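Enquirer: Below are the sequence and a predicted model; questions follow.
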Amino acid sequence: MDHNQELAMIKVTENDFNVAEEYQALINNNSQDGAVVFFVGLVRDFNQGHSIKGLHLEYYPAMTENALKVIVEKAKERWPIGRVRLIHRVGSLNINDQIVFVGVSSQHREASFEAAQFIMDFLKTEAPFWKKEVTADEGERWVEANQKDQLARKRW
Amino acid sequence: MINVLFFASLRERLGCESLTLDYQPEMKLDDIKNQLMAKGDNWQNVLSGNVLAAIDQEMVQGDAEIHDNAEIAFFPPVTGG
């Protein structure tokens, strides 16, 4: 297996993912890391004052995966982390569907906790994805970027 | 020739997915934006808002230089995750 591919798996896909399989891929034959942190983002039923029925996720095919790679590389420069797995779904999603997975392994927990937060904060402000929600009251609407995400990114 | 792409709400509000422009030496991103904004009131309104841009799939600021055959993209602030 290619060494780099093993250390960082990044995927933009219409397909769902299986958290148990992702966790296994983080720990299989990985005796050096004593910590795994992962985060899963889901489609909520209420957002920005609207009741939500589902959403469409648009992206920039030529750019998005590369933007995610740059974010993961920044995290690797900053913390002593082992493996990273990052999956972001695109296309049509329903309430409660999984949208995003970030999993990080490291020798000690601090590095993977912080790197996972860092990756999510940068993903939310720099990776070209756009959500369009299907609302119960107003038809379809583009989600607006929020200040909270910008502030979260600035803490790094 | 320069290829210009629009994504998400920008694409919908402009009713335009992509277009091409002639390349001129020493062009900067802001020159492209100004040229597009001169296309009419709707272009002016949409592009004067909070718009991000990329050249060849890398995020850039307005003073970034354009090269011939560049792929320029304009899009709204991102909302993934």
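Expert: The structure has been received and is ready for your questions.
Enquirer: all contacts plus neighbour counts: C-alpha atoms, from now on.
Expert: Will do.
Enquirer: give me every residue that touches residue 60.
Expert: No chain in the question, so chain A it is. Counting by C-alpha atoms under 8 Å, 6 or more residues apart in numbering or on different chains, A:Tyr60 touches A:Pro128, A:Phe129, B:Phe7.
Enquirer: think we crossed wires, I meant chain B
Expert: B:Val60 sits next to B:Leu52, B:Ala53, B:Ala54 when contact means C-alpha under 8 Å, 6+ apart.
Enquirer: Return the closest of these with respect to chain A.
Expert: Checking the contacts of B:Val60 against chain A by C-alpha to the nearest C-alpha gives B:Ala54 as the nearest, at 9.0 Å.
Enquirer: Number of residues surrounding the closest one?
Expert: By the measure other C-alpha atoms under 10 Å in any protein chain shown, the count of residues near B:Ala54 is 20.
Enquirer: Same question for A:Ser106.
Expert: A:Ser106, neighbours per other C-alpha under 10 Å, totals 24.
Enquirer: Tell me the predicted confidence for residue 30.
Expert: In the absence of a named chain, this looks at chain A. Note for A:Asn30: predicted pLDDT of 96.
Enquirer: Chain B, not that one
Expert: For B:Asp30, pLDDT reads 96.
Enquirer: Over to A:Asp2?
Expert: 42.
Enquirer: hmm, back to that, as TSV, the contacts of A:Tyr60 with neighbour count would be great.
Expert: Shown next, in TSV, are the contacts of A:Tyr60 (neighbours: other C-alpha atoms under 10 Å in any protein chain shown):
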residue	neighbour count
A:Pro128	27
A:Phe129	26
B:Phe7	22
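Enquirer: helix, strand or coil for A:Ile71?
Expert: On the three-state scheme (DSSP: H, G, I helix; E, B strand; the rest coil), A:Ile71 is labelled helix.
Enquirer: What strand or helix carries the nearest residue to it once chain neighbours are set aside?
Expert: Leaving aside its chain neighbours, A:Ile71 sits nearest to A:Ile119 (6.2 Å; criterion: C-alpha to C-alpha, 6 or more residues apart in numbering or on different chains). Assigned by DSSP states H and E, A:Ile119 belongs to helix A:109-126.
Enquirer: And the pLDDT for A:Ile95?
Expert: pLDDT recorded at A:Ile95 is 95.
Enquirer: no wait, A:His50
Expert: Here, the pLDDT recorded for A:His50 equals 87.
Enquirer: How about A:Asn146?
Expert: For A:Asn146, the pLDDT comes out at 88.
Enquirer: which stretches of chain B form helices?
Expert: Using DSSP state H, the helices of chain B run over B:8-14, B:29-37, B:41-47.
Enquirer: Nearest approach to chain A belongs to which of those helices?
Expert: helix B:8-14 (6.4 Å).
Enquirer: Go through the closest one and flag the buried ones.
Expert: Neighbour counts over helix B:8-14 (16 or more other C-alpha atoms under 10 Å in any protein chain shown) mark B:Ala8, B:Ser9, B:Leu10, B:Arg11 as buried.
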